[in-house]
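[1] Okay, sequence plus prediction incoming.
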Amino acid sequence: MLYLEKFILPDEEQEYTIAQVRRAENGGALGYLENGYPCMLFPQRGLQELDFEPITIFYGGNGSGKSTLLNVISEKFRLARNAPFNGGEMFPLYIKECGFRFGYDDEGEPFFALPHGSRAITSDDVFEYMLAARTRNEEISEDTESAKEEYAALKFGETVRFSGMQDYEAARMQLLARQKNLSRRKFLHRVIGKQVRLRSNGETALRFFEKSLRENALYCLDEPENSLSPKLQLEMKKLLEDKVRLYGCQLILATHSPFLLSMRGAKIYDLDSDPVMPKKWWELENTRTYFQFFNENRHLFLKK
């Protein structure tokens, strides 16, 4: 699905005007700029318009602007996000000057907004999810022993005498504990909650994306391969391809994973090139470096 067809960045003249407006806000003719970001990143490298496919990838090294592009797009449409980012003093003015064009549905009808549920997801979201789950598990573990004692007292102890609403909660808990079809384990889950089953960081991260990526939405994903082993990156590749092919999603992501770069039908913008231009995944410096390394050591893999 193609919900967003084109995104237009400010050109050099627009960036100059933005800077002048911000200088005036900072003190009139003698105004200053504390931080010009994100100006001077893209027009100077020939990048002003982005044409999207169902999967569009921003590739490049640190400082190339791939995360900046994701933030610009997500902020233009005010996509829901958990992890904050520091855009700087120029960011609101810059976002205002950005343009876009929506895509069309399968019947050729134009979209007039991004679908509900569209959002930006960063690696910080994954780490926060894992940290919150572990913290919750620790809290549940600490409460378990006292809850076990409470369960025994309610189930086998003296029956609570109900003499008024002040006894309601105690009576309710005792009825719960004495239900024949409710084991102690289920009682504990009801009272103190159920621990989240945590696997390795990579497996937990993959499950996070399986749960977070719903159907019929646009997602901006910033380096979703973080924490994933090569094997799990291949699983992530299949997950993302399926979300697009089977569940009507559009993906815009930043990555330098050779596995994700090889997703079927992906359009890749090489932000390390000057001018910035689309390239095939096997033409990128990152993937060619991997190829060269393994090719030089090919004899080790062919040993019998």
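    Okay, I see it.
[2] so what's residue 119 bridging to?
    Judged by DSSP bridges, the bridge partners of residue 119 are residue 80, residue 219.
[3] so what's it up against?
    74, 79, 80, 81, 217, 219, 220 (C-beta atoms under 8 Å, 6 or more residues apart in numbering). No exception for glycine: its C-beta is placed from N, CA and C like everyone else's.
[4] Other residues contacting stretch 243-253?
    1-4, 52, 54-58, 70, 73, 213-224, 240, 260, 265.
[5] how long is it from one end to the other?
    Terminal residues of stretch 243-253 lie 14 Å apart, using C-alpha to C-alpha, to the nearest Å.
[6] Quick one: low-confidence residue ranges for the stretch 1-150 of the chain.
    Along the stretch 1-150 of the chain, the parts satisfying pLDDT under 70 run over 28-31, 130-150.
[7] Let me know the secondary structure of the residue nearest the centre of the chain.
    The centre of the chain sits closest to residue 121, judged by C-alpha atoms, centre = their mean, with a distance of 1.6 Å. At residue 121, secondary structure determined by DSSP: H, G, I helix; E, B strand; the rest coil is strand.
[8] Grab the nearest non-local neighbour of it.
    Closest residue in space to residue 121, ignoring its immediate chain neighbours: residue 221 at 5.4 Å, by C-beta to C-beta, 6 or more residues apart in numbering.
[9] so who does that neighbour touch?
    By C-beta under 8 Å, 6+ apart, the contact list for residue 221 reads 70, 120, 121, 122, 251, 252, 253, 254, 255.
[10] Most neighbours of all the contacts of residue 119, which one?
    Greatest neighbour count in the contacts of residue 119, by other C-beta atoms under 10 Å, goes to residue 220: 27 neighbours.
[11] Return the distance of that residue relative to residue 71.
    Distance of residue 220 to residue 71, computed by C-beta to C-beta, to the nearest Å: 8 Å.
[12] shared neighbours, the two?
    residue 120.
[13] any idea where the helices of the stretch 101-250 of the chain begin and end?
    Ranges of helices in the stretch 101-250 of the chain, per DSSP state H, counting those that start in this stretch, are 123-156, 168-177, 184-192, 201-212, 230-245.
[14] okay, the angle between the fourth one and helix 230-245?
    On the basis of axes from the mean of the first three to the mean of the last three C-alpha atoms, to 10 degrees, helix 201-212 is oriented at 10 degrees to helix 230-245.
[15] Could you name the helices and strands sitting against helix 201-212?
    Judged by 3 or more C-beta pairs under 8 Å, 6 or more residues apart in numbering; DSSP states H and E, the packing partners of helix 201-212 are helix 123-156, helix 230-245.
[16] which residues does the nearest residue to residue 277 once chain neighbours are set aside form a beta bridge with?
    Among residues not flanking residue 277 along the chain, residue 270 sits closest, at 6.3 Å (C-beta to C-beta, 6+ apart). Counting by DSSP bridges, residue 270 forms beta bridges with residue 59, residue 277.
[17] quick one, what contacts residue 270?
    59, 60, 276, 277, 278, 279, 283, 284.
[18] quick check, nearest of those residues to residue 104?
    residue 278 (21.1 Å; C-beta to C-beta).
[19] can I assume the closest one is in contact with residue 268?
    Yes: assessed by C-beta atoms under 8 Å, residue 278 is found in contact with residue 268 at 6.1 Å.
[20] and the contacts of stretch 243-253, which are buried?
    For those, a neighbour count by 16 or more other C-beta atoms under 10 Å gives the buried set as 1-4, 52, 54-58, 70, 73, 213-214, 217-224, 240, 260.
[21] what about residue 34, which SS state?
    Classification of residue 34 using three-state DSSP returns coil.
[22] Need the phi and psi values for it.
    When read as degrees, to the nearest 10, the backbone of residue 34 gives phi -80, psi -30.
[23] Sketch out the low-pLDDT regions of the stretch 151-300 of the chain for me.
    The model of the stretch 151-300 of the chain has pLDDT under 70 over residues 151-201.
[24] go again using 80 as the cut-off
    Within the stretch 151-300 of the chain, the segments meeting pLDDT under 80 span 151-202.
[25] Just give the number of residues close to residue 248.
    A count of nearby residues for residue 248, using other C-beta under 10 Å, gives 17.
[26] Residue 296 and residue 285, how far apart?
    Using C-beta to C-beta, residue 296 is found at 16 Å from residue 285.
[27] who's more crowded, the two?
    Taking other C-beta under 10 Å, residue 296 and residue 285 do not tie; residue 285 has more neighbours (14 against 9).
[28] measure residue 268 to residue 274 for me?
    To residue 274, residue 268 is 16 Å away according to C-beta to C-beta.
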